[in-house]
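>>> Show me the folded form of this:
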Amino acid sequence: MMDEGLSDKEACDRIFMMDVGGLITKARGRSLTDRHMRFAKEMDNTKSLIEVIRTVKPEALIGASTVGGAFTEEIIREMAKINKRPIIFALSNPTTKAECTAEDAYRLTDRCAESVTVKSLEKYSRLYPRLKHIRELSVYIAIDVGNFFYENNLATLHPEPEDKEMFVRSQIYSVEYDELINKTYDWPAKDAKHGFPVPVLPRSSMDDE
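Just a heads-up that it's a prediction; the model follows:
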């Protein structure tokens with residue numbers, strides 16, 4: 001938010017934080033540290049997340065509580081009710097402690113239904129392409145993004161590549177390696193066969209110990 005022009009105070013004023021004691025408010029001042037006080041609000045104390053959401057009407061909900069299921073169906077649906085495109089990040093690990101699952105976020109907000117047409121579901125029966133096709137599809141996505149950047153004077157690579165597809169493909173990491181060792185050797189053929197004899201070594205004083 002500060003990168004977009006807000007001051008530190010203005011950014012903090014737009015962030016509402018909750019901990020085990022509930023919403024961080026100025027009324028809880030004695031129990032809060034200086035870093036918490038930056039986000040303390042002039043509001044009534046409450047431990048109800050749904051109450052805070054209905055009052056504040058946030059655009060984004062970020063979970064780092066390690067309380068599995070903290071983002072209930074009621075909470076997720078309320079976020080979808082007040083936002084056309086709600087931002088819901090359940091960041092706690094492991095998955096069992098996540099505030100909600102990805103499925104919950106998609107299903108309870110009905111956002112997948114808006115993103116996928118019936119025609120595409122009937123044809124592909126999936127939301128995303130198969131994993132084996134991702135690499136190739138990524139090439140064409142990169143080309144389209146590149147075209148957009150050059151058309152709108154946003155590109156930072158100049159001059160513009162004449163063959164964008166060739167350029168993109170040259171930048172893709174490859175897990176296939178060329179042979180670095182010549183498999184043709186000039187030593188006698190018998191030494192290149194399996195089972196070659198182990199050379200006899202001279203005796204050492206260590207052998208007698």
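
>>> Show me the strands in this protein, by range?
Assigned by DSSP state E, the chain shows strands spanning 18-19, 22-23, 60-63, 87-90.

>>> can you list these in CSV and add distance to residue 43 and mean neighbour count?
Where C-beta positions appear, they are placed from N, C-alpha and C, glycine not excepted. Formatted as CSV, these follow (distance: least, Cβ to Cβ, whole Å; neighbours: other Cβ atoms under 10 Å):
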stretch, distance to residue 43, mean neighbour count
strand 18-19, 11, 14
strand 22-23, 6, 20
strand 60-63, 17, 16
strand 87-90, 22, 18
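
>>> Tabulate those in JSON lines, adding columns for mean pLDDT and distance to residue 168.
Shown next, in JSON lines, are these (pLDDT from 0 to 100; distance: least, Cβ to Cβ, whole Å):
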{"stretch": "strand 18-19", "mean pLDDT": "93", "distance to residue 168": "45"}
{"stretch": "strand 22-23", "mean pLDDT": "93", "distance to residue 168": "48"}
{"stretch": "strand 60-63", "mean pLDDT": "95", "distance to residue 168": "33"}
{"stretch": "strand 87-90", "mean pLDDT": "92", "distance to residue 168": "30"}
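
>>> Select, out of those strands, the one closest to residue 48.
strand 22-23 (7.8 Å; Cβ to Cβ).

>>> picking that back up, same list (the strands of the chain) but as JSON lines, adding distance to residue 79.
Listed next are the strands of the chain as JSON lines, based on distance: least, Cβ to Cβ, whole Å:
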{"stretch": "strand 18-19", "distance to residue 79": "15"}
{"stretch": "strand 22-23", "distance to residue 79": "17"}
{"stretch": "strand 60-63", "distance to residue 79": "6"}
{"stretch": "strand 87-90", "distance to residue 79": "6"}
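
>>> Now do the contacts for residue 43.
Residue 43 makes contact with 23, 25, 55, according to Cβ atoms under 8 Å, 6 or more residues apart in numbering.

>>> just checking, what's the longest helix in the chain?
When the chain is parsed with DSSP state H, its longest helix is helix 131-151.

>>> show me where pLDDT drops low in this protein?
112-116, 121, 179-199, 204-209 (pLDDT under 70).

>>> how about 90 then?
1-4, 27-36, 84-85, 95, 102-103, 106-107, 109-132, 173-209 (pLDDT under 90).

>>> all helices for it, in order.
In the chain, the segments counted as helices under DSSP H are 8-13, 34-37, 49-56, 73-82, 102-109, 111-115, 118-124, 131-151, 164-171.
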